[in-house]
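In: Give me coordinates for this.
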Amino acid sequence: MSIVKPTKLLILEHDENDLELLLYELKKGALDCIPKIVENREQFSKELIDFCPDIILSDYSLPGFDGVAAFRIKQEICPDVPFIIV
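Out: This is a model prediction of the structure:
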């Protein structure tokens, strides 16, 4: 018998309303996950290493940062982790 661990989900989002909707949909879909929310480049880069996510969900447009730049950073640190722009 194997034990299934919750999915570690790194969420890059700065808008509270969008974040609330995203978390609602994840809960509604009954995804067993541990979400970690970050809002900027520095937090994102740090949590790629410290949190070691299984999946990344990213906003496309953030203040002073965007999803494409986040994808490039992710590719350098953890290229095998799936990255979805929401």
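
In: now stretch 71-86: how far from the chain's centre is it?
Out: 9 Å (Cα atoms, centre = their mean, to the nearest Å).

In: Residue ranges in this protein under the pLDDT threshold?
Out: By pLDDT under 70, the low-scoring segments of the chain are 1.

In: What segments of it are strands?
Out: With DSSP state E as the criterion, the chain has strands at 7-12, 33-38, 55-58, 61-62, 65-66, 83-85.

In: What residues sit buried inside the third one?
Out: Counting neighbours by 16 or more other Cβ atoms under 10 Å, one finds that the buried residues in strand 55-58 are 56, 57, 58. Where C-beta positions appear, they are placed from N, C-alpha and C, glycine not excepted.

In: residues touching the first one, list them.
Out: It refers to residue 56. Residue 56 sits next to 9, 10, 11, 12, 70, 74, 81, 82, 83, 84 when contact means Cβ atoms under 8 Å, 6 or more residues apart in numbering.

In: quick one, what contacts the closest residue to the fourth one other than its chain neighbours?
Out: Think residue 12. Closest residue to residue 12 apart from its sequence neighbours, by Cβ to Cβ, 6 or more residues apart in numbering: residue 58 at 4.2 Å. Shown in contact with residue 58 (Cβ under 8 Å, 6+ apart): 11, 12, 13, 67, 70, 71, 83, 84, 85, 86.

In: need those residues in JSON lines with neighbour count, can you?
Out: What follows is the contacts of residue 58, written out as JSON lines (neighbours: other Cβ atoms under 10 Å):
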{"residue": "11", "neighbour count": "24"}
{"residue": "12", "neighbour count": "27"}
{"residue": "13", "neighbour count": "20"}
{"residue": "67", "neighbour count": "19"}
{"residue": "70", "neighbour count": "24"}
{"residue": "71", "neighbour count": "13"}
{"residue": "83", "neighbour count": "18"}
{"residue": "84", "neighbour count": "9"}
{"residue": "85", "neighbour count": "15"}
{"residue": "86", "neighbour count": "14"}
